[in-house]
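>>> 3D, please:
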Amino acid sequence: MEVTTTGRFRVYHSPRDGDELLLLELPEERVDWTDPAVETDVDDVYSPTYVPQTGYNGDLAERVSALEPGNEIEATLTWDDGDPRFADVSVRDRTRFRFVGAATGLFEAARETWRATGDGEAIGSRVTYGTDGDPNAVLYVFAKQPGARDLFDEFGDGVVPVDPLLDRLDDEADVPDAPREVFVLRPLDEEFVLVAIALDRDGLFARTMRDTYC
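Here you go, the predicted model:
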């Protein structure tokens, strides 16, 4: 039996198969997992769906093959015996995600953000500015988790969604409304995982990050 569903999703690379995408369905109401007062299970809010990226025809094939991790999409999925496929898709936001698992030579602003994080705090943040004095990025540092948990992998697999951090930017009146580029770095010689959100994916900060780490 074929069932059709429509929703908003954030695109990720699938950790299972290179020929499929992982889609996280975006909730109608925001849930900020970084807020200690929020006790919501992230898995109950951001539902994951694995969808093939190949095997389509015509214009739909071109649109699906062009999807990048980080894009926010409106998609219609058809479910045949539990297996979803794209029936239609459009990109709402061209934000892009990049993950670098062995970063070296981390820039000073990131290290300063970590040093400014209070003892016992798991998250630190700061805004960075370009030479023109305008904000160009927001940096978040997360303490590396001891034991089996790997926060970097959880960001990459969508277990820990990036969306609450992007939602914060949407609430800032002085932040330019442009597709972002999110860089998630696991520095080899630091005690934290870095999430650097370039406010403009075509801007100088994003280009410098790509040239340096990607």
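>>> helix or strand: which one has R207?
Secondary structure assignment for R207, by DSSP states H and E: helix 204-213.
>>> my error: substitute P15 in the last question.
Secondary structure assignment for P15, by DSSP H and E: no helix or strand.
>>> residue ranges with poor pLDDT in this structure?
Scanning the chain for pLDDT under 70 picks out the ranges 1, 29-45, 148, 172-173.
>>> G120 falls within a helix, correct?
No: going by DSSP: H, G, I helix; E, B strand; the rest coil, the assignment for G120 is coil, not a helix.
>>> neighbours around it, how many?
The burial count assigned to G120 is 6, neighbours taken as other CB atoms under 10 Å. For glycine as for every other residue, the C-beta is placed from the backbone atoms N, C-alpha and C.
>>> quick revisit: list the helices and strands the helix holding R207 packs on?
Packing partners of helix 204-213 (3 or more CB pairs under 8 Å, 6 or more residues apart in numbering; DSSP states H and E): strand 96-103, strand 135-143, strand 181-187, strand 192-198.
>>> for R126, name its beta-bridge partners.
L139 (DSSP bridges).
>>> can you pull up the most central residue in the chain?
Centroid-nearest residue in the chain: V162, 4.2 Å away (criterion: CA atoms, centre = their mean).
>>> give me every residue that touches the nearest residue to it once chain neighbours are set aside.
Closest residue to V162 apart from its sequence neighbours, by CB to CB, 6 or more residues apart in numbering: V182 at 5.7 Å. Contact analysis of V182 by CB atoms under 8 Å, 6 or more residues apart in numbering lists G70, T95, R96, F97, R98, V162, L165, L166, V195, A196, I197, A198.
>>> how close does V159 sit to F152?
From V159 across to F152, the span is 11 Å (CB to CB, to the nearest Å).
>>> let me fix that, I meant to ask about A196.
Here the criterion is CB to CB. By it, A196 lies 13 Å from F152.
>>> joint contacts of those two?
With CB under 8 Å, 6+ apart, A196 and F152 have no common neighbours.
>>> and this protein, what are its domains?
The chain breaks down by automatic domain parsing into domains covering 2-93, 96-213.
>>> first-to-last residue distance for the longest one?
Separation of the first and last residues of domain 96-213 by CA to CA, to the nearest Å is 15 Å.
>>> circling back: give the buried residues for the helix holding R207.
Of all the residues in helix 204-213, those buried under the rule 16 or more other CB atoms under 10 Å are F205, A206, M209, Y213.
>>> next one: stretch 70-83
Across stretch 70-83, burial judged by 16+ other CB under 10 Å covers G70, N71, E72, I73, A75, L77.
>>> not counting the helix or strand where the fifth one lies itself, show me its contacts.
Using DSSP H and E, A75 falls within strand 72-80. For strand 72-80, contacts defined as CB under 8 Å, 6+ apart pick out 1-11, 23, 26, 49, 51, 67, 84-93, 95.
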